[in-house]
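1. A structural model of the following input is requested.
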Amino acid sequence: MLTTIAMGQLPVVLLLLAAGTAAKAWTVARAAEPGTLSRLGPAVLVTERWRPIAMLGCAVGELVLVGGLLATGHPFFRWGTAAFFAVSTYVLWELRRRRPDAGCGCFGEVSAIPVGRRSLGRTVVLTAMSTGLVWLPAVPGWEMMAAMTWGHVPATLGGLLLLAALSPEIEEAVARLRHRAPCEQRRLDPVTALGRLRSSTVWRSHAELLSGTEPVDSWRELCWRFFVYPGRSHTGDAVDVVFAVYLSGRHPAVRVAMVGSDGRPVAGEPLGESLPISAGR
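-> Modelled structure (predicted):
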């Protein structure tokens, strides 16, 4: 039973690796928008000159794993695939903590949506799927898939549906087809963004810090809408509470930061995910 499930996950893992390879290479080659790689992991974690190399290096690594899994049954490639997704989980966790405004870059430019629980959950699931491949017979992947029967189909379809549910890129791709423009170029009423903010858990967890219910300032940068409210820090000092709402997806990311009168972020334990204040208004 477990062998059947693991065997059914092999084409799923190969498909995700191949899609990631093609999307990353296409994003680097296309380079349609200046600064695109500055918003995508893992490129966002390195200096500007190394960003294309980092993105291509990740794509090449995925391509090597695809070739190794298909052509051989060597445990090196199976353990390597599990290690790749495990490390990816850690990198996405760090990216979410250090640059919560950046996308994972898992599928190139399409993965510009800020890293959330779904993206993290997807890499965890892929790590588990890849680990299951280690205990399969030591035969090449193409032979294994050629020997698959209808009994493997439920495992394959189940894996695909689970990963689809954990992929916010699907919603972004549908939105792009509908609007025919990237998120940062679409129009969105500020009132709609404000409604998304006030329905979020980040808003509810910070409401007690606010001194007013209406924003004193608001502006847009790319695919983010910022709202500034007067408030008090945990120590009682007057601060600006800055919320940022991502303008795409059914459940958009919401970030928050407290800024002092000197324009610097106020230190202290955040009640929600913090927003790095780095851009001007």
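2. for this structure, which helix is longest?
-> helix 2-30 (DSSP state H).
3. pLDDT of it, averaged?
-> In this model, helix 2-30 has an average pLDDT of 90.
4. Same check on stretch 158-172?
-> 89.
5. Kindly report the same for stretch 93-102.
-> Mean predicted confidence for stretch 93-102 is 81.
6. Now do it: distance to the chain's middle.
-> Centroid separation for stretch 93-102 versus its chain: 9 Å, with Cα atoms, centre = their mean, to the nearest Å.
7. Buried by neighbour count: which residues of it qualify?
-> Within stretch 93-102, the residues scored as buried using 16 or more other Cβ atoms under 10 Å are L95, R96, R99, P100, D101, A102. Where you see a C-beta, it was placed from the backbone N, CA and C, and this is true even at glycine.
8. So which residues of the stretch 101-250 of the chain form helices?
-> 117-133, 141-146, 153-165, 169-179, 190-198, 201-206 (DSSP state H, counting those that start in this stretch).
9. So which bits of the first one are buried?
-> The neighbour-count criterion (16+ other Cβ under 10 Å) identifies 118-127, 129-133 as the buried residues of helix 117-133.
10. Report the separation between the residue lying closest to L197 once chain neighbours are set aside and G80.
-> Leaving aside its chain neighbours, L197 sits nearest to V245 (5.0 Å; criterion: Cβ to Cβ, 6 or more residues apart in numbering). Distance, V245 to G80, by Cβ to Cβ, to the nearest Å: 39 Å.
11. Comparing these two, which residue is more hemmed in?
-> In terms of neighbours (other Cβ atoms under 10 Å), V245 is the more surrounded of V245 and G80; the figures are 26 against 16.
12. which residues touch the more buried one?
-> A193, L194, R196, L197, S200, W224, R225, F226, F227, P252, A253, V254 (Cβ atoms under 8 Å, 6 or more residues apart in numbering).
13. Output the lowest mean pLDDT helix or strand found in the protein.
-> helix 169-179 (a mean of 73; mean pLDDT, DSSP states H and E).
14. so T81 sits right up against L133, yeah?
-> Yes: with contact defined as Cβ atoms under 8 Å, T81 reaches L133; the gap is 6.8 Å.
15. what's the overlap in contacts for the two?
-> By the contact definition Cβ under 8 Å, 6+ apart, T81 and L133 are jointly contacted by V13, L69.
16. if we can go back for a sec, from the buried residues of stretch 93-102, which single one is nearest W142?
-> Using Cβ to Cβ, L95 is the member of the buried residues of stretch 93-102 that sits closest to W142, with 33.9 Å.
17. Am I right that the closest one falls within a helix?
-> Yes: when DSSP: H, G, I helix; E, B strand; the rest coil is applied, L95 is found to be in a helix.
18. And for the residue nearest to it when sequence neighbours are not counted, the neighbour number?
-> For L95, ignoring the flanking residues on the chain, the nearest one in space by Cβ to Cβ, 6+ apart is G41 at 4.4 Å. Number of residues near G41 (other Cβ under 10 Å) recorded here: 27.
19. could you list every residue that touches G41?
-> Counting by Cβ under 8 Å, 6+ apart, G41 touches V91, L92, L95, R99, A102, G103, C104, G105, V115.
20. Determine which two of these are furthest apart.
-> V91 and G103 (12.6 Å).
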